[in-house]
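Peer 1: 3D, please:
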Amino acid sequence: MRFHYVAGDSSGKIVESEVEAQGVAEVLEILASKGLKPVNIKVVKLSKALGGGGFFSPTINETDKIFLTRYIGLMLKVGTDLLQAIGVLINDFDKPVVKSFLGEVRSNLEKGQPFYLSFSKYPKFFNTVFINLIKAGEASGNLDNILEDMSLSLEKQQDINNRIRGVLVYPIFLLVVSFSILFFLVSFALPKIAAVFQGSGFKPPIFSQIVFAVGLFFGKYALFIGGLIITSGIAIFYFYKTSIVFRNFVFNAVTAFPGVKSVIIKLALQRFAVTLASLIEAGLPLVRGLEITSEAVGNEQLKEALLRISKEGISKGLTVSDAFRREAVFPRVVVNLIAISEKSGHMEDVLKTLAHFYETETDTAIKFMVSLLEPTLLMSMGVIVGLIALSIIVPIYQLTAKF
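Peer 2: As a prediction, the model looks like this:
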């Protein structure tokens, strides 16, 4: 159980921190051993603080993890011991959820528990790669270098994600604005125009009647349709976050679009290369490294292939290159470079080169895809608005021609 305490020291200075204990009595003993007099003690529900309370609960994000790994690694390099480094970070961090987590880490270290154990309790925020790299660094006595490499790797991955988000911002904005304009036209403007024609007794052309009928329907049920769209959006978001089956369905639907599957495969290959390189550098055996990497690639095909390479290939005596050749999901360039690296004994360096290659390839592929998407959206919007305009202009022209 975790407790938050406010206490005073011998000089009268107020100290505020957190401690892991079985009960209030143990907290009092800990405070007494430090020469502190308790002012206030209360239980901290850390699991809830760390995102257990719902979608909008505070979390430990990528930026937090970069800060943690970079500065703990830096402090270890300059000779600060781990416990002291955690104490400095607790004072430096303003984010309550991270302060709570670091307080738990410090408490566990004071009890003699391994450093990685605190991270393994929160797999929602720290994946198997993160935990195993810390575990390997702790076991090898090379934790400072491992943490420094992790911070660089996390920063690079965040940079890739930010670039992807950056190039997708305009198309998404364009889609939302186009849909909003279309919804307004069909739900509010078009029904009024359709009502005018209906009241005049004039019979417009068939395609105009169809467009007007759609407009009248949307106008009558606009609030219901709007509510249904919002509710559907929330439901899709919820099921995407909570259901693996639905997430796989969305993934398969998205990858059906031309060019998307290629981008996703390249992203997965980049993650594979950078993750496996980090694990090998940290000293993990290749078989174990492949199994951990399979959890980080974010692609089911690649995950299954890596598990087969590990369990049905290398574990049963195949060479690394032969095991990779059996999997069609890996491009020939990847297999050939791994075969070369196996002979040279520098697999991690080759994997880093591959990671950089696929990072560039992904960036180029996304920019190309977006360059096609933007005019497609504009043309689609133009066609729909043009159809609505024609459905109004043609009957007006026919009506004026009668006079």
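
Peer 1: Only C-alpha atoms from now on, for both contacts and neighbour counts.
Peer 2: Will do.

Peer 1: buried sites along stretch 236-253?
Peer 2: Neighbour-count burial for stretch 236-253 flags 240, 247 (criterion: 16 or more other CA atoms under 10 Å).

Peer 1: That stretch: how far from the chain's middle?
Peer 2: 14 Å (CA atoms, centre = their mean, to the nearest Å).

Peer 1: What's the end-to-end length of that stretch?
Peer 2: Across stretch 236-253, the terminal residues are separated by 13 Å (CA to CA, to the nearest Å).

Peer 1: where does residue 342 sit relative to residue 142, distance-wise?
Peer 2: From residue 342 to residue 142 the distance is 24 Å (CA to CA).

Peer 1: Over to residue 259?
Peer 2: 42 Å.

Peer 1: Same check on residue 291?
Peer 2: From residue 291 to residue 142 the distance is 22 Å (CA to CA).

Peer 1: Comparing these two, which residue is more hemmed in?
Peer 2: Taking other CA atoms under 10 Å, residue 291 and residue 142 do not tie; residue 291 has more neighbours (21 against 17).

Peer 1: ok, the more buried one touching residue 310?
Peer 2: Yes. Between residue 291 and residue 310 there is a contact at 6.7 Å, judged by CA atoms under 8 Å.

Peer 1: Quick check: beta-bridge partners of residue 7?
Peer 2: residue 15, residue 38 (DSSP bridges).

Peer 1: check contacts around it.
Peer 2: 14-16, 31, 36-40 (CA atoms under 8 Å, 6 or more residues apart in numbering).

Peer 1: do the same with residue 362
Peer 2: Residue 362 makes contact with 263, 266-267, according to CA under 8 Å, 6+ apart.

Peer 1: Which of those residues has the largest number of neighbours?
Peer 2: Busiest of those [other CA under 10 Å] is residue 267, holding 22 neighbours.

Peer 1: give the contact list for it.
Peer 2: Counting by CA under 8 Å, 6+ apart, residue 267 has contacts 358-359, 362.

Peer 1: before we move on, what SS does it have?
Peer 2: helix (DSSP: H, G, I helix; E, B strand; the rest coil).

Peer 1: how far does the helix or strand hosting residue 254 sit from the chain's center?
Peer 2: Using DSSP states H and E, residue 254 falls within helix 244-255. On the basis of CA atoms, centre = their mean, helix 244-255 sits 15 Å off its chain's mean C-alpha point.

Peer 1: What of stretch 210-224?
Peer 2: With CA atoms, centre = their mean, you get 38 Å for stretch 210-224.

Peer 1: which SS state does residue 328 fall under?
Peer 2: Classified using three-state DSSP, residue 328 is coil.

Peer 1: Could you do residue 3 as well?
Peer 2: Look at residue 3: counting by three-state DSSP, its state is strand.

Peer 1: Give me the next element, helix or strand, following the helix or strand residue 280 falls within.
Peer 2: In this assignment (DSSP H and E), residue 280 forms part of helix 260-281. Per DSSP H and E, the first helix or strand lying C-terminal to helix 260-281 is helix 286-294.

Peer 1: who does that next one touch, helix- and strand-wise?
Peer 2: helix 128-140, helix 260-281, helix 300-308 (3 or more CA pairs under 8 Å, 6 or more residues apart in numbering; DSSP states H and E).

Peer 1: export those to CSV and tack on distance to residue 243 and mean pLDDT?
Peer 2: Formatted as CSV, those follow (distance: least, CA to CA, whole Å; pLDDT from 0 to 100):
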stretch, distance to residue 243, mean pLDDT
helix 128-140, 20, 86
helix 260-281, 20, 86
helix 300-308, 15, 88
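
Peer 1: Format the ones you listed as a markdown table; extra columns: distance to residue 83.
Peer 2: Output for those, formatted as a markdown table (distance: least, CA to CA, whole Å):
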| stretch | distance to residue 83 |
| --- | --- |
| helix 128-140 | 13 |
| helix 260-281 | 25 |
| helix 300-308 | 37 |
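
Peer 1: do you know which of those lies nearest residue 367?
Peer 2: Checking the helices and strands packed on helix 286-294 against residue 367 by CA to CA gives helix 260-281 as the closest, at 10.4 Å.

Peer 1: what pLDDT does residue 325 get?
Peer 2: Looking at residue 325, its pLDDT stands at 90.

Peer 1: The nearest residue to it once chain neighbours are set aside and residue 311, how far apart?
Peer 2: Excluding its sequence neighbours, the residue lying closest to residue 325 (CA to CA, 6 or more residues apart in numbering) is residue 335, at 6.2 Å. The gap separating residue 335 from residue 311 is 18 Å, by CA to CA.

Peer 1: got it, and residue 166?
Peer 2: In this view, residue 166 and residue 311 are 39 Å apart by CA to CA.

Peer 1: next helix or strand past the helix or strand harbouring residue 214?
Peer 2: Element membership of residue 214, judged by DSSP H and E, is helix 206-220. Next helix or strand after helix 206-220 toward the C-terminus (DSSP H and E): helix 222-242.

Peer 1: Who are the packing partners of that following helix?
Peer 2: Counting by 3+ CA pairs under 8 Å, 6+ apart, helix 222-242 packs on helix 244-255.

Peer 1: hmm, who's touching the helix it packs on?
Peer 2: 239-241, 260-261, 264.

Peer 1: mean confidence score for it?
Peer 2: 72.
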